[in-house]
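**Q** Coordinates for the following, if possible.
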Amino acid sequence: MCLLGTTIFLDGATPQQPPGEDQDVTLPSGKSQKEEILREEHKKNLRDVGEIIEVAGQLKTELEKNDYQVLSISAIKKTERIEKLARQVKSRIRR
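**A** This next block holds a predicted model:
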């Protein structure tokens, strides 16, 4: 009977969160800090995806100009830039 009483007590208890976790901070402007961070990350994602599209277009043009047996250093650097930007966008989206 004591065990049942304890179970009821535990079921009715609200879990306490450690300080600092999942607590939204309000900025002096009155806006939510989390929302501002998300908004900025969204802007960065849009900027980075735009750059990926631009660099991919340049890479495509460069590859069309060159012979199929020739791959320039510039083309390799562009593919590396595309990869780096894609990783950044992916990491921001996963947060």
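**Q** Who are the packing partners of the longest helix anywhere in the chain?
**A** Criterion DSSP state H: the longest helix present in the chain is helix 33-65. Judged by 3 or more C-beta pairs under 8 Å, 6 or more residues apart in numbering; DSSP states H and E, the packing partners of helix 33-65 are helix 73-94. Using the backbone N, CA and C atoms, a C-beta is placed for each residue, glycine as well.
**Q** Quick one: work out the angle between the helix it packs on and helix 33-65.
**A** 160 degrees (axes from the mean of the first three to the mean of the last three C-alpha atoms, to 10 degrees).
**Q** List the buried residues for helix 73-94?
**A** By neighbour count on 16 or more other C-beta atoms under 10 Å, the buried set for helix 73-94 is 75, 78, 81, 82, 85, 89.
**Q** And for stretch 36-43?
**A** Per 16+ other C-beta under 10 Å, stretch 36-43 contains no buried residues.
**Q** tell me the mean pLDDT for that stretch?
**A** What stretch 36-43 shows for mean pLDDT is 92.
**Q** Now do it: distance to the chain's middle.
**A** 9 Å (C-alpha atoms, centre = their mean, to the nearest Å).
**Q** for stretch 49-60, same thing?
**A** With C-alpha atoms, centre = their mean, you get 20 Å for stretch 49-60.
**Q** contact partners of it?
**A** By C-beta atoms under 8 Å, 6 or more residues apart in numbering, the surrounding residues in contact with stretch 49-60 are 75, 78, 79, 81, 82, 85, 86, 89.
**Q** Once you drop chain neighbours, what's closest to the first one?
**A** Okay, so that is residue 75. residue 62 (5.4 Å; C-beta to C-beta, 6 or more residues apart in numbering).
**Q** ok, now how distant is that neighbour from residue 72?
**A** Distance from residue 62 to residue 72, counting by C-beta to C-beta, to the nearest Å: 7 Å.
**Q** likewise residue 51?
**A** 20 Å.
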